[in-house]
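Trainee: A predicted structure for the sequence below; I have some questions about it.
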Amino acid sequence: MGKPKCNSLQNINCQVPSFIKGNDFFQIFNHLVSISIQGYDENRRVIYWNKASEELYGYSAIEAMGQKMEDLIIPDPIRENVIIAHQQWVRQGISIPSAEITLRCADNSLVDVFSNHIMYSNEVNEKQMYCIDINLSSFKRVEAQAQQKELLLQTVFKAVPDLFFLMDHNTVILDYYADIKNILHIKPEMFMGKSMLDVLPENAADLFKQNIDSLSKNHGLKTFEYQLEVPIGFRVFEARLSQLPNNQIAAIIRDVTDKKVAEERILHQAHYDSLTDLPNRFLALDRLAELLVKAQRNNDKVAVLFLDLDDFKKINDTLGHEIGDKLLMESAERLRTALRNEDTVGRLGGDEFIILLKGILDASDTLPITENLLKKFREPFKIDGRELILTVSVGISVYPEDGRTPSQLLRNADAAMYQAKALGRNTYSFFTEAMNIDISRNLNLEEQIRGALERREFEVYYQPQIDVDSGRIIGAEALLRWHNQTLGNVSPVEFIPVAEKTGLIVPIGEFVLKQALSLLSQWQKSYDCRLRMAVNLSPRQFRDPELINFVKNALNEANISASSLELEITEGVLMIGHSYIDEALSALAELGVLLSMDDFGTGYSSLSYLRQYSFDVLKVDRSFISGIADDSADRNLVNAAISMAHSLGMKVVAEGVETEEQMYILEELNCDYVQGFLFSKPLPVKELYKFSANFKNTS
Ligand code: C2E
Ligand code: MG
Ligand code: MG
């Protein structure tokens, strides 16, 4: 057992053989890479242990010096072999080859090293072995990482459906990666060593060239699309070019045909109506916006036609949506064929279509086109073996006079379309400013009528009705008045339809009935207990399931007998044709309330209605009464109406009697009652009392 020859680092260094000491490479290497160098004597005791050995194996030089190699760093499984190999070298000169081996550290962990061995005889011919060990674990880690990276890349390459090309700065293809499902549908190895610009057809090559040329301007990145005919047909590819630090160019190519098709489909769905395949509201208005810009530049006009199919809802409701859909598709086709190629026809939704006509010089230029459209609809539609007649109403607005923005023009064409409907449908109407005034007036009315009841803006006026024979007041008609702060006094002709539309007619109607009955109760007490009250009922009030109960309760509350109340309805109510109207009318008749047909002569004046329902009173409209003195036709008509009513057991009220002459004729014609300015305008309560008091006095 030899003793350590030195025990300090300084001394250890003294033991460094001259070949190591003098070898610059080793010195530098030792320094830089921290190679572990250990020296052993003939008995494998440590005579040299450098700093890197301390770090690698965990023994300090002091701890290691004099210890046997196999006790320090040789793991048990190779202990015997190492000892034998060393002895064979010392005794027989059989050198130990350099090798990767696993050695043991002070903490018993194992470390892979690449070990080099040098046998060296010192001055006194003692054999010394120097081991130069390079720690492989960091190399191993890097290697493992590299392998993993490679694997990762392989997986990524496989997962993404891309084709990779590596090109030099002259577009010569140096390398590639292609999946088995090669997106080019040809073998990319054919391209190796060739210029990308030579292997692509001219169009695509030009695009590649342009983009490669501008790479440096675009921070080394460029993306573009090109089309290529490959064995399965024309495909769209997306190329992403990126300039690498060594000036090489990486191209990543992807087949984006399916994505493009899907994108286009989505785009189409967003812009076209799925039923008719016409541009939808969004696209149509977008096109209108474009047309307006051009029209402004060219100083010409654009016409917007708003079309609405007449009574389409009825067809849809009665014949079903399937037929409705077919009608819409056929309508779209008719519109398309009636127009020039450059005109746009779109579907706004439901049964509403829009047509945009450009290059119009005068609004009247739209007439032949509109006439043609209407004509197209005159032919019956043949759907599922049926022949259906479907007409269309058209509203026209023209840029710039009727609006400067798409939404203004659309709104105004819509207003004009309503006018066309009001004119009897199956026709067209041009927008006029008056329509706009109507619209804004209606909006105002709608806004103001809400809360009008709560603000106590309504007042019921009463127009007395006179018995022709006796000259006695038989009662009055309750007529509503609205005094509004912003709108002033509004006529019922104007606000009743608004109240109808908003549904407010129900509470308003209840208010009128209550007021009228409470007045009647007072009036009967103070004037004549036979007096009766006529109250107008709107169609909408019949839809109120509480109507009958309300009337009953109101009569009870006011202590008025049902026969003193006369409810006036117009033919419009009967024309709705719903069973609830019949039921309500029967229930009212059963209650004992009198029913009166108002405005007779202005609607269909259908005799069948008069026969079908038990009306007690017929009110001949003012428009006929005003003509009876001068127009024999009017007089004949009134005469016939009175005779007919009498034959059906009805009493007749003549409305709007203004002159003595009219009164005289009505008397001649046996009219029962009269109502009109000749006697009195509709009056507020106080005035009515005054009037009746005076009337009593004078009659
Ligand atoms: P209506 O029921 O036919 O009422 C008769 C209308 O003729 C009243 O107009 C009345 O003021 C007017 N009138 C009466 N005599 C003459 C006359 O000699 N000359 C002229 N030029 N006009 C005369 P008003 O009060 O403007 O009411 C118009 C319409 O509004 C009524 O027509 C009625 O349909 C409706 N209306 C009025 N009040 C109510 C109500 O409380 N409820 C419902 N649902 N409708 C009402
Ligand atoms: Mg009336
Ligand atoms: Mg009337």
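Mentor: It's in. Ligands and ions are numbered 1, 2, ... in the order given.

Trainee: And the strands in the stretch 301-450 of the chain, which stretches?
Mentor: Using DSSP state E, counting those that start in this stretch, the strands of the stretch 301-450 of the chain run over 301-309, 344-349, 352-360, 381-383, 386-388, 392-399, 428-430.

Trainee: Is it possible to get TSV of the ones you listed that adds distance to ligand 3 and mean neighbour count?
Mentor: Yep, even glycine has a C-beta here, placed from its N, CA and C like the rest. Listed next are the strands of the stretch 301-450 of the chain as TSV, based on distance: least, Cβ to the ion, whole Å; neighbours: other Cβ atoms under 10 Å:
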stretch	distance to ligand 3	mean neighbour count
strand 301-309	31	25
strand 344-349	39	21
strand 352-360	35	22
strand 381-383	40	16
strand 386-388	38	11
strand 392-399	29	26
strand 428-430	29	22
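
Trainee: Turn those into JSON lines, columns for mean pLDDT.
Mentor: As requested, these are arranged in JSON lines below (pLDDT from 0 to 100):
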{"stretch": "strand 301-309", "mean pLDDT": "96"}
{"stretch": "strand 344-349", "mean pLDDT": "95"}
{"stretch": "strand 352-360", "mean pLDDT": "94"}
{"stretch": "strand 381-383", "mean pLDDT": "91"}
{"stretch": "strand 386-388", "mean pLDDT": "86"}
{"stretch": "strand 392-399", "mean pLDDT": "96"}
{"stretch": "strand 428-430", "mean pLDDT": "94"}
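
Trainee: And residue 285, how close does it get to residue 279?
Mentor: Counting by Cβ to Cβ, to the nearest Å, the gap from residue 285 to residue 279 is 9 Å.

Trainee: residues in contact with residue 58?
Mentor: The contact partners of residue 58, taken as Cβ atoms under 8 Å, 6 or more residues apart in numbering, are 105, 106, 107.

Trainee: Go through those residues and say which is closest to ligand 1.
Mentor: Minimum distance to ligand 1 across the contacts of residue 58 is 104.1 Å, recorded for residue 107 (Cβ to the nearest ligand atom).

Trainee: Show me which residues of the chain are close to ligand 1?
Mentor: Taking Cβ under 6 Å from any ligand atom as the criterion, the neighbours of ligand 1 within the chain are 463, 478-480, 491-493, 496, 509, 512, 536-538, 568, 598-599, 622, 655-656, 658, 675-677, 682.

Trainee: Buried only: go through the residues you listed for me.
Mentor: When neighbours are counted using 16 or more other Cβ atoms under 10 Å, the residues of the chain next to ligand 1 contain these buried positions: 463, 478-480, 496, 509, 512, 536-538, 568, 598-599, 622, 655-656, 675-676, 682.

Trainee: Among these, which ones are in strands?
Mentor: Helix and strand membership here follows DSSP state E; of these, those in strands are 463, 478, 479, 480, 536, 568, 598, 599, 655, 675.

Trainee: Filtering the residues you listed by proximity to ligand 3, which remain?
Mentor: Restricting those to those adjacent to ligand 3 (criterion: Cβ under 5 Å from the ion) gives 598, 599, 655.

Trainee: Pretty sure residue 330 sits against residue 379.
Mentor: No: between residue 330 and residue 379 there is no contact, the gap being 10.4 Å when judged by Cβ atoms under 8 Å.

Trainee: higher neighbour count, those two?
Mentor: Ranked by neighbour count (other Cβ atoms under 10 Å), residue 330 and residue 379 place residue 330 first, with 16 against 11.

Trainee: show me what contacts that one?
Mentor: With Cβ under 8 Å, 6+ apart, residue 330 has these contacts: 381, 383.

Trainee: let's see it at 7 Å
Mentor: Contacts for residue 330 were tallied using Cβ atoms under 7 Å, 6 or more residues apart in numbering; they are residue 381.

Trainee: cool, residue 374 as well?
Mentor: Residues counted as contacts of residue 374 (Cβ under 7 Å, 6+ apart) are 392, 426, 428.

Trainee: Quickly note the distance from residue 347 to residue 206.
Mentor: As defined by Cβ to Cβ, residue 347 lies at a distance of 42 Å from residue 206.

Trainee: what does residue 580 give?
Mentor: Spatial separation of residue 580 from residue 206 under the definition Cβ to Cβ is 76 Å.

Trainee: So the closest residue to residue 623 other than its chain neighbours: helix, strand or coil?
Mentor: Once its chain neighbours are removed from consideration, residue 623 has its nearest residue in residue 602; the separation is 6.5 Å (Cβ to Cβ, 6 or more residues apart in numbering). Put simply, residue 602 is coil when judged by DSSP: H, G, I helix; E, B strand; the rest coil.

Trainee: can I assume residue 602 is in contact with residue 622?
Mentor: No: under the criterion of Cβ atoms under 7 Å, residue 602 lies out of contact with residue 622, with a separation of 9.2 Å.

Trainee: Geometric centre of this protein: which residue is closest?
Mentor: Nearest to the mean C-alpha position of the chain, by Cα atoms, centre = their mean, lies residue 270 at 9.0 Å.
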